[in-house]
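Peer 1: Sequence plus predicted model, see below.
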Amino acid sequence: MNAPLRRRHAALVTTLALALPVAFAAAIAKREAAPVQLELPLEAQRASAVEALAPGAGTELTLETSSGQRWRARHDATRIAIAQVAGAELPDLLAYWSARNGGDELAPDAVLLGPVNGGSSERTYARPGAGGVLVLFSLAHGEVVAQTNVETR
Amino acid sequence: MGHAYRAVGWNRQKRVYDTALALSIALCITLFVALTLSASPLVTAETLLIRSFGASAFVLLHVILSIGPACRLDPRFLPLLYNRRHLGVAMFVLALAHGTLAFVLFHTLGVLSPLESLFTSDAGPGTIPFQPLGAAALAVLFLMAATSHDFWLRNLTPPTWKALHMAVYVAYALVVLHVGLGFLQANTSGWLVGATAAGSFWLLGLHLVAAHREHTVDRGAGKTVGEWIDVGELSTIPDGRAKTVCAGGERVAIYRYGDKLSALSSVCRHQNGPLGEGRIVDGCVVCPWHGYQYRPRDGRSPEPFTERVPTFRVRVENGRVLLDPRPLPPGTPVEPAQLSNAKAPADERELYVGYLPHSPPRQARFTRGVVLAVFTACLAVVALIALEQAPLRAGQFEFGVVREFRGVLESAPHPLLRVQRPGDGVSSYLLVAPGKHGADELVRDFDGRGVTLRGSLVHAGERTMIEIEPGSLALADVTVAAPSALELGRRTLRGEIVDSKCHLGVMTPGERRTHRACAQLCIRGGIPPLFWVEDDRGGVQRLLLVGARGEAVNERVLDLVGLPLEIEGLVTQHDDWLVLSSDPAGYRRIAKEQ
């Protein structure tokens, strides 16, 4: 560089060295934390409907699909709790209880337990009968995605 | 310039340089993608590309801007300077890919023109749009990349070209603010803030130290003796090397070669490189930057080249070198000062000349070590950025998978398809049009009617949406259970307004600051707004947001999209959807300290 350019470079770098840290610090200082809600609006209603199974309680079963989705189902005499533990979520996933295995179709006598929670959070449902088949059904895909026998205790 | 010089030739050095550069960039991008996928397997490809290109360009910009001052402080870094333009153009290509993808993804297919969206979105009380800063930086980088050729250097002249390319510092400042006001607003890791700050301190510190050293050299030459300046002892000038002094406002290189001493301007005609830091090769002064050559006696490049630099008269008296500071016209022959019996000090320094087949051995070792260290540091920083990103949510868009659905359509406040569940109950799927548009126009004639339609699913958690294939709606004989509505009472909720389409899976992330402009464009286009609420245990609920009388509020919430809010309103469960009814006039920004 020639002398005028060196002077311009020095002035530019000095200005930046003074202004940029201030501007950057101001940008970071104005960050806003993600809002956190202490209680989600529907959780209280759900909790009052069926009391959640205590952690580790009940008999544990696994439901899986060939494409890698896996759910954990825990049950005791009156409740079933389901949580997804692996794989991608499925759209409008509903839990059903049926007296018999309907194969690829949802059995006509299937009783809706409720929607399956998204993510890994567990939802507890009232168990309709002593022995039967727990079926996971994606209404948006119109298909049974997994099912397992739940034995009488 | 010398006979051996090839201006744009793809010599071995350049090929090695460019191969190392291409491999390094490919490895950085691969590492970023692999680490991001390992933490968030469902992240969309567009997000992966935008972030990996952006991160790589930002890191590379630091490397590029470090080379200049590093060379001023230690000439052994000069081999990195030789092909720096290719680094700059590669960085621009990465930045362009980052910017183009973001521009297309966030600003096209909406109700505003993409440019209008770019420069008007992301506004609102207390917010500074970060995307225009990136666009401005990209424009500057484009100007520089487009002129990174000797054609422009010759036509603009080196001083103008250099002055133009100093705009890179402005671009750098814009990029840092783009990152600080964008990515770092949503990705709050202290490591990311620290790494960005450390990069700026390193770079600006390096430039300040180099500028200080330059200033020291420019302060003056020495004692005046009549019209001459005493510039110091002859014995301090090694054979084949120069002493650089400032005289007449510019630097002069006083070269010693054998028993002769000549002085010529230290400013190379090519890029104003420091001729005084070169050495004599084949009887010519060789510029250390790009190897241009000049004869010391007359300041001319060997024929057939025509470059010329000013020359100066020089003489030696009593072992001291005297310089006439008045420059002679470029290319003026000056009789060299003759030296007798004067012993020149040894000089062990090696000089790298870019167009020669091989670097001197010590220089080559040093260069390899530096390249390896820089590459390792770049990989480490890219890995840090990838690992410290905020977790990316796992919504999904079944792009290109079209399914048929049957149900009863409701059009107000936002279009929904109510689908009968086997056994009991109803599922409701939000309906949207392709692009960043709501489906109000598509469903207008079907309110309350049974329909079939085709479309692609978008879903996250318990919320499902269909992007309707236009023209696929048809009346059908469908029956579903009557709508159910359950008032859950008035609640005060904390969360963020998001556009339902991106948030449920079309984009990852479809929330927070980096997505705000796109969310505004989507909601402006009629996509239903959701109020996204998270608790501290990772629980999530997404409530359909409507006005106090159940009306759509899209136009009234645009300024508040993507910001932390507190909304007090009535929560109602309509079938399987939670609806939050509240007048937007009462929405409250959550202050930072709350």
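Peer 2: Thanks, I have it.
Peer 1: going forward, measure contacts and count neighbours with C-alpha atoms only.
Peer 2: Fine.
Peer 1: and the closest residue to B:I468 other than its chain neighbours, which of the three is it?
Peer 2: Leaving aside its sequence neighbours, B:I468 sits nearest to B:G455 (CA to CA, 6 or more residues apart in numbering or on different chains; 4.3 Å). Following DSSP: H, G, I helix; E, B strand; the rest coil, B:G455 is assigned to strand.
Peer 1: I'd guessed B:G455 sits against B:F399; true?
Peer 2: No - the pair formed by B:G455 and B:F399 falls short of the contact definition of CA atoms under 8 Å, at 9.6 Å.
Peer 1: And those two? Which one has more around it.
Peer 2: B:G455 (25 against 12; other CA atoms under 10 Å in any protein chain shown).
Peer 1: so how far is chain A from that one?
Peer 2: Here the criterion is CA to the nearest CA, to the nearest Å. By it, B:G455 lies 11 Å from chain A.
Peer 1: contacting residues for the closest residue to chain A within the stretch 1-150 of chain B?
Peer 2: Using CA to the nearest CA, the closest approach of the stretch 1-150 of chain B to chain A is made by B:L42 at 7.6 Å. Contacts of B:L42 were listed using CA atoms under 8 Å, 6 or more residues apart in numbering or on different chains, and they are A:88, B:394-396.
Peer 1: Can you tell me which of these has the most neighbours?
Peer 2: Neighbour max across the contacts of B:L42 (other CA under 10 Å) = B:G395, 30 neighbours.
Peer 1: residues in contact with whatever residue of chain B ends up closest to chain A?
Peer 2: Residue nearest to chain A within chain B (CA to the nearest CA): B:G461, separated by 3.5 Å. Contact analysis of B:G461 by CA under 8 Å, 6+ apart lists A:89, A:91, A:117-119, B:395.
Peer 1: Sketch out the low-pLDDT regions of chain B for me.
Peer 2: B:1-10, B:220-222, B:341-342, B:354-355, B:357, B:592-594 (pLDDT under 70).
Peer 1: Strictly from the record, what residue spans define the domains of it?
Peer 2: Domain assignment of chain B by automatic domain parsing yields the ranges B:12-217+B:359-387, B:238-338, B:396-589.
Peer 1: Could I get these in a markdown table, plus columns for distance to A:S66?
Peer 2: What follows is these, written out as a markdown table (distance: least, CA to CA, whole Å):
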| stretch | distance to A:S66 |
| --- | --- |
| domain B:12-217+B:359-387 | 17 |
| domain B:238-338 | 61 |
| domain B:396-589 | 18 |
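Peer 1: wait, which of the ones you listed is closest to A:A110?
Peer 2: domain B:396-589 (6.9 Å; CA to CA).
Peer 1: Now do the same for residue 95: helix, strand or coil?
Peer 2: No chain was given, so I picked chain A. Assignment for A:A95 (three-state DSSP): strand.
Peer 1: Not quite, go with chain B.
Peer 2: helix.
Peer 1: Could you find the closest non-adjacent residue to it?
Peer 2: B:A57 (5.6 Å).
Peer 1: That neighbour is in contact with B:L96, isn't it?
Peer 2: No - using CA under 8 Å as the test, B:A57 is too far from B:L96 to be in contact (9.2 Å).
Peer 1: Which one's more surrounded, the two?
Peer 2: The residue with more neighbours, out of B:A57 and B:L96, is B:A57; 23 against 20, by other CA under 10 Å.
Peer 1: Can you tell me the element that one falls in?
Peer 2: B:A57 is part of helix B:45-73 when elements are defined by DSSP states H and E.
Peer 1: Beyond that helix, next helix or strand please.
Peer 2: Assignment by DSSP H and E places the next element after helix B:45-73 at helix B:78-82.
Peer 1: contact partners of that next one?
Peer 2: B:67-68, B:71, B:288-290, B:352-354, B:367.
Peer 1: Among these, filter down to the buried ones and hand me the PyMOL syntax, if you would.
Peer 2: Selection of buried members from the contacts of helix B:78-82 for PyMOL, criterion 16 or more other CA atoms under 10 Å in any protein chain shown:
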select buried, chain B and resi 67+68+71+288+289+290+352+353+354+367
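Peer 1: Give me the below-cutoff pLDDT ranges for chain A.
Peer 2: Scanning chain A residue by residue, the ranges that satisfy pLDDT under 70 are A:1, A:42-48, A:152-153.
Peer 1: the strands in it, which residues?
Peer 2: Secondary structure of chain A (DSSP state E): strands at A:59-64, A:70-75, A:79-86, A:93-98, A:111-115, A:123-126, A:132-138, A:143-150.
Peer 1: cool, and the stretch 451-594 of chain B?
Peer 2: For the stretch 451-594 of chain B, the strands defined by DSSP state E, counting those that start in this stretch occupy B:463-468, B:474-475, B:485-499, B:529-534, B:540-546, B:564-574, B:577-581, B:588-589.
Peer 1: Please see if the third one touches chain A.
Peer 2: Yes - legend: contact between strand B:485-499 and chain A by CA under 8 Å from any CA of the partner chain is shown at B:488, B:491, B:493-496.
Peer 1: Could you dump the residues you listed into JSON lines and include neighbour count?
Peer 2: Conversion of those to JSON lines gives the following (neighbours: other CA atoms under 10 Å in any protein chain shown):
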{"residue": "B:L488", "neighbour count": "16"}
{"residue": "B:R491", "neighbour count": "14"}
{"residue": "B:L493", "neighbour count": "24"}
{"residue": "B:R494", "neighbour count": "25"}
{"residue": "B:G495", "neighbour count": "25"}
{"residue": "B:E496", "neighbour count": "27"}
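Peer 1: can you list these in CSV and add distance to A:A19?
Peer 2: Output for the residues of strand B:485-499 next to chain A, formatted as CSV (distance: CA to CA, whole Å):
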residue, distance to A:A19
B:L488, 52
B:R491, 45
B:L493, 39
B:R494, 35
B:G495, 34
B:E496, 32
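Peer 1: Hmm, B:S24 is touching B:V374, no?
Peer 2: No - using CA under 8 Å, B:S24 is not in contact with B:V374; the gap is 10.1 Å.
Peer 1: Could you tell me the phi and psi values at the closest residue to B:S427 other than its chain neighbours?
Peer 2: Spatial nearest neighbour of B:S427, chain neighbours left out: B:V419 (5.2 Å); criterion: CA to CA, 6+ apart. Taking degrees, to the nearest 10, you get phi -120, psi 130 for the backbone angles of B:V419.
Peer 1: Which residue does chain A have closest to chain B?
Peer 2: Closest point on chain A to chain B, by CA to the nearest CA, is A:G118, at 3.5 Å.
Peer 1: Which among the strands of chain A is found nearest to B:V334?
Peer 2: That would be strand A:79-86 among the strands of chain A, by CA to CA, at 82.0 Å.
Peer 1: Within its sheet, name the partner strands of that closest one and how each one runs.
Peer 2: Sheet pairing here is set by DSSP bridges, and for strand A:79-86 it gives strand A:70-75 (antiparallel), strand A:123-126 (antiparallel).
Peer 1: would you turn those into CSV with mean neighbour count?
Peer 2: What follows is these, written out as CSV (neighbours: other CA under 10 Å):
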stretch, mean neighbour count
strand A:70-75, 21
strand A:123-126, 22
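Peer 1: Out of these, which gets nearest to B:A210?
Peer 2: strand A:70-75 (59.4 Å).
Peer 1: residues making contact with that closest one?
Peer 2: A:57-64, A:80-87.
Peer 1: Now, of those, which are buried?
Peer 2: A:58, A:62-64, A:80-85, A:87.
Peer 1: can you tell me which two in those are farthest apart?
Peer 2: Comparing the members of the buried ones among the contacts of strand A:70-75, the greatest separation, given CA to CA, is between A:G58 and A:G87, at 23.6 Å.
Peer 1: For the residue nearest to the spatial centre of chain A, grab phi and psi.
Peer 2: The centroid of chain A falls nearest to A:G119 when counting by CA atoms, centre = their mean (0.8 Å). Torsion angles at A:G119 (phi, psi; degrees, to the nearest 10) stand at phi 70, psi -150.
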